[in-house]
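Q: Make a model of this:
(2 chains, ligands or ions: 2)
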Amino acid sequence: MSTMKVRKRSNAPIFWGLFGAGGMLAALFGPMLVFITGIAVPLALLLPADTMSYPKMLAFAQNFIGKAFIFAIIALFMWHAAHRIYHSLHEIGIHAGMFAKLLCYGSALVCTVISAVVLLGLGF
Amino acid sequence: MSESQKIIEIEVLRYNPESDKEPHREVYKVPFSDDMSVLQGAQYIKDNFDGSLTFRWSCRMAICGSCGMMINGIPKLSCETFLRDYYPNRISIEAMAHFPIEKDLVVDLSGFIEKLESIQPYIIPREARTLEQGEYIQSPAQFNEYIQFTSCINCTLCYAACPQFGLNPDFIGPAAMALLHRYNMDSRDGGAEQRMQLVTSEEGVFNCSAVGYCSEVCPKHVDPGNAVNINKINAAKDYFLRFLSPKGGSK
Ligand code: SF4
Ligand code: FES
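A: Ligands and ions are numbered 1, 2, ... in the order given. Next up, the predicted model:
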C-alpha cells in the first residue's frame, strides 16, 4: 500500500488556461493581424488606405464587440507570452524563481489592467 | 575471426562509486558481426576486456525494459539497437540521463519506483461486487480506451528524454502518468478522484511543457506525452470545477 502524502495543489491551471487561450487566439488571429497592421495597411495593399484611420479605429474601439476583441487580443497575447518566456527561462537554466515569475506574469497583469482602463476610458 | 572482421570503437562512460570522484570515458575496440546489438557489444567488453563493467539486461528482446542507455546521446534500449548502424563511427554509451549513476551504466531507479507506487497502479473497483454477481464485463471499446497505456515496460527512456524531469526530479513524469491514465481510463476502475491529488499537485502534470520527446523515444508506442497532456485538461477541470463538486483533489 502506498502512503498518500499530502501534496500541494499547483496553481498552474490559471496560468496554463490563460496561456492556452492566448495561444489559440494568436494562432487564429496573429498572422492576419500582422498582415493587416504591418503589411497591408502601411503598403496600401488590398485594403483601402484609411482602413486604420483614427476615426475608424476609435469607432471600432468604442463598439462593444470591438472593445472586447482588442482587450482579449492584448491581454491574452500578453499572458501567453509571459508564460512562454517564464518557462523558456527555466528551460535554458535560469531559475530566477519568484522574481522571474513576478516580472513575467506581472507585466502581463499590468498590460491587462492598462488595456482595460484605456478601452473603458474611450467610452461606448 | 575472419580477415574481414569489422571492429567498432565503443566509448563507455565508466563510474565506480568506490574509487572514482566522477565519471570518465573509456574506449574499447570491439569486433562485431552485423547481428550484434549494442548490448552484446557491452557484453563483449565485459567478457574480454573488463569484467567489472556493470549494466542491466535480461530479455534481450525489448520486453523487460532493463537495458536502457544513452546511445550517442539518445535514450534507447541497447538490445534492439545494432552496432552495424553506427559503424564505422565510434559509438558512445552512457548511463541514462537525469538519473543518479549507481555504477557504470546502472542508474538508481528508486525515485521512479516510488512514483509508480504513488499513482496507485491497481484497479480501485468502481463498485464492489460479490462473487455471485460474477466478473466485471468490459466491451472491446472500453478495452481500447486504455490498452495502449498498458504496453509500458518501465524502461524509463522517457525520463531520460524529458528535459523537465531533468530540471525537476520530483516531477511525476511520463511513464508514471501513462500508467495512472491507464487505470483512470479502465471502465472497472473508480480511482480517478483519488489519483487526482497527484495529477494536480506541484509534482504533477503542469511540469510538462509539451516537448513530446518522451513519446518519440518510447520503444513501445505508449505515447506517455499524450497521457500527460490529457491530464492537464483533467487537472484544469478539477481546479476550476472543484467548488461545484467538492471531493477529491489536493487542498
Ligand atoms: S512510457 Fe515508453 S519510454 Fe516510458 S517507461 Fe514506458 S515503455 Fe519506456
Ligand atoms: S534486455 Fe530486456 S529490454 Fe533490452
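
Q: interface residues of the stretch 51-200 of chain B facing chain A?
A: B:117-118, B:120, B:163, B:167, B:194, B:197-198, B:200 (Cβ under 8 Å from any Cβ of the partner chain). Quick note: C-beta positions are derived from backbone N, CA and C, even for glycine.

Q: quick one: the strands in chain B?
A: Under the criterion DSSP state E, chain B contains strands at B:6-14, B:24-32, B:68-71, B:74-77, B:91-94, B:101-103, B:106-107.

Q: residues making contact with the biggest helix by length in chain B?
A: When chain B is parsed with DSSP state H, its longest helix is helix B:224-241. Applying Cβ atoms under 8 Å, 6 or more residues apart in numbering or on different chains, the contact partners of helix B:224-241 are A:9-10, A:13-14, A:16-17, B:149, B:152, B:158, B:174-175, B:177-178, B:180-182, B:192, B:196, B:199-200, B:204-206, B:208, B:210-215, B:218, B:248-249.

Q: cutoff 7 Å now
A: A:13, A:16-17, B:149, B:158, B:174-175, B:177-178, B:181, B:196, B:199-200, B:204-206, B:208, B:210, B:212, B:214-215, B:218, B:249 (Cβ atoms under 7 Å, 6 or more residues apart in numbering or on different chains).

Q: what's the answer for stretch B:47-63, then?
A: For stretch B:47-63, contacts defined as Cβ under 7 Å, 6+ apart pick out B:12, B:28, B:39, B:42, B:45-46, B:64, B:66-67, B:77, B:79-80, B:103-106, B:153, B:219.

Q: Could you do stretch B:133-152 as well?
A: B:129, B:175, B:178-179, B:181-182, B:185-188, B:220-223, B:227.

Q: Out of those residues, which is nearest to A:Phe35?
A: Ranked by distance to A:Phe35 (Cβ to Cβ), these are led by B:Asp223 at 35.9 Å.

Q: residue contacts, that closest one?
A: B:148, B:215 are the contacts of B:Asp223 under Cβ under 7 Å, 6+ apart.

Q: Let's see that with 6 Å instead.
A: B:Ser215 (Cβ atoms under 6 Å, 6 or more residues apart in numbering or on different chains).

Q: mind checking pLDDT for it?
A: On pLDDT, B:Asp223 comes in at 97.

Q: And the one 10 residues further on, by the same measure?
A: Looking at B:Ile233, its pLDDT stands at 93.

Q: Could you measure from it over to B:Arg195?
A: 15 Å (Cβ to Cβ, to the nearest Å).

Q: With neighbour numbers in mind, choose between the two.
A: Comparing B:Ile233 with B:Arg195 by other Cβ atoms under 10 Å in any protein chain shown, the one with more neighbours is B:Arg195, at 23 against 13.

Q: Now do the helices for the stretch 1-150 of chain B: every range, in order, please.
A: B:38-48, B:110-118, B:140-144 (DSSP state H, counting those that start in this stretch).

Q: now do chain A
A: For chain A, the helices defined by DSSP H occupy A:12-33, A:54-62, A:64-91, A:97-121.

Q: out of the ones you listed, nearest to chain B?
A: helix A:12-33 (3.4 Å; Cβ to the nearest Cβ).

Q: and that closest one, what does it pack onto?
A: On a contact count with 3 or more Cβ pairs under 6 Å, 6 or more residues apart in numbering or on different chains; DSSP states H and E, helix A:12-33 meets helix A:64-91, helix B:224-241.

Q: and A:Gly22, what is it in contact with?
A: Counting by Cβ under 6 Å, 6+ apart, the residues that A:Gly22 touches are A:76-77, A:79-80.

Q: Good, wrapping up.
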